[in-house]
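Engineer: sequence and computational prediction follow.
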Amino acid sequence: MKRLVTLLLTMCLCLGMSAQCVEYTREDSTLVTRLLEDAKTERGTENHVFYFGKKFLGLPYVAHTLEEGETEHLIVNLHGLDCTTFMETVVALSMCDQQDKRTFENFCQNLTRVRFRAGEMTDYTSRLHYFTWWAEDNERLGIVEDVCPKDEPWGAWTAMQTIHIDYMSAHPTLYKQLKLHPDFVPTIKAYEQETNGRKFRYIPKRNLAWEQSTKLGMVRDGDIVAMLTDSDGLDTRHIGIAFWQDGKLHLLHASSLYKKVLMSKETFYEYEMKQPKHTGIRVFRFKDE
């Protein structure tokens, strides 16, 4: 499918940036406006994130869609999503519906706000590459909130993650833009070091076997879940959307194994127990107000 590169000057001026390219297809922009128009009559009181997440069921899983080109620009690709672009797309659509702003330009503004540090796109280093960065930034902007209790009793959040991230700065040749722009590596490394040592409570994967009637029931349909790891210089390995079915927690996600967006038939606990490098989950909620 041939892609279009269009300069949206109104959007760039609104965001206080120099002019930036937005890469997309007509099919992408048409789908965005149709989904937002349909939501006016279809969504009702259903959770925004869960509603829009289900709209992409069956869509192909495609990795590395944000690595096109030699310079950072906003890429909108709704005919192939990975776990991160799936989550970002759903949150940006949720923001538009919440704001009652339903143009493609509105969507691009919100996607930029969600994807980049402080909501502003400058260069490759401004993208929120690690989930910890994404969560902290989007919480600071008032887009999501951490579901973890603020103090005791901790309920299902019985474990603690200490952040140690260095994968990008340790493996710059694996990233196209870091290969092209080695001067970006010190900035990425500085951001990593600034984050390292921070501690966050999380739900260990063994607790995902708990029923909805327990403290795990604090997790709701449509909550954003990040699957954590304690190895390889990473903080997370996968992202998805939680939902309950027959009292058991399940996962709506862009699956690299099944190559599509799906609602897992196996429980979230069963899924996680098959992932030896996963330790548990952090949970964030779109501020659905």
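Structural biologist: Nice, I can see it.

Engineer: in a strand, residue 280, correct?
Structural biologist: Yes: note on residue 280: a strand contains this position according to DSSP: H, G, I helix; E, B strand; the rest coil.

Engineer: list the contacts for the residue nearest to it when sequence neighbours are not counted?
Structural biologist: In space, residue 280 comes closest to residue 204 once its chain neighbours are excluded; the distance is 4.1 Å by CB to CB, 6 or more residues apart in numbering. (Each C-beta comes from the backbone N, C-alpha and C, glycine too.) Residues counted as contacts of residue 204 (CB atoms under 8 Å, 6 or more residues apart in numbering) are 158, 159, 279, 280.

Engineer: cool, residue 62 as well?
Structural biologist: Remark: with contacts taken as CB under 8 Å, 6+ apart, residue 62 is in contact with 77, 80, 81, 82.

Engineer: distance of the residue nearest to residue 280 from residue 111?
Structural biologist: 32 Å (CB to CB, to the nearest Å).

Engineer: which residues touch residue 197?
Structural biologist: Residue 197 makes contact with 162, 163, 164 under the criterion CB under 8 Å, 6+ apart.

Engineer: read off the pLDDT value for residue 146.
Structural biologist: Among the per-residue scores, residue 146 shows a pLDDT of 98.

Engineer: now do the closest residue to it other than its chain neighbours, the pLDDT please.
Structural biologist: The spatial neighbour of residue 146 that comes closest, neighbours along the chain excluded (CB to CB, 6+ apart), is residue 284 at 5.8 Å. Per-residue confidence (pLDDT) for residue 284: 98.

Engineer: dump the host helix or strand of residue 284 to PDB, restricted to CA.
Structural biologist: Secondary-structure assignment from DSSP states H and E places residue 284 in strand 278-286. In PDB, the C-alpha atoms belonging to strand 278-286 read as follows (Å, rounded to 0.1, in the frame of the first residue of the first chain):
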ATOM      1  CA  HIS A 278       8.200 -12.000  32.600                       C
ATOM      2  CA  THR A 279       8.000 -11.200  36.300                       C
ATOM      3  CA  GLY A 280       4.600  -9.600  36.600                       C
ATOM      4  CA  ILE A 281       2.600  -6.500  35.600                       C
ATOM      5  CA  ARG A 282       2.200  -2.800  36.300                       C
ATOM      6  CA  VAL A 283      -1.300  -1.400  35.700                       C
ATOM      7  CA  PHE A 284      -2.400   2.000  34.300                       C
ATOM      8  CA  ARG A 285      -5.800   3.500  33.800                       C
ATOM      9  CA  PHE A 286      -6.800   6.000  31.100                       C
END
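
Engineer: this protein: strands as residue ranges?
Structural biologist: Chain-ordered strands for the chain, with DSSP state E as the definition, fall at 4-7, 21-24, 74-75, 144-146, 159-162, 199-204, 224-229, 236-245, 248-255, 260-263, 278-286.

Engineer: shaky segments in the stretch 1-150 of the chain?
Structural biologist: Across the stretch 1-150 of the chain, the stretches falling below the confidence threshold (pLDDT under 70) are 1-20.

Engineer: run a quick neighbour tally on the residue nearest to residue 146.
Structural biologist: Neighbours of residue 284 under the rule other CB atoms under 10 Å: 24.

Engineer: wait, it touches residue 137, no?
Structural biologist: No: contact between residue 284 and residue 137 fails when scored by CB atoms under 8 Å: they sit 11.6 Å apart.

Engineer: OK, contacts around residue 275?
Structural biologist: Counting by CB under 8 Å, 6+ apart, residue 275 touches 205, 227, 237, 238.

Engineer: find me the pLDDT at the nearest residue to residue 234 once chain neighbours are set aside, would you?
Structural biologist: If you skip the residues right next to it in sequence, residue 234 has residue 167 as its closest partner in space, 5.2 Å away by CB to CB, 6+ apart. According to the model's per-residue confidence, residue 167 sits at a pLDDT of 98.
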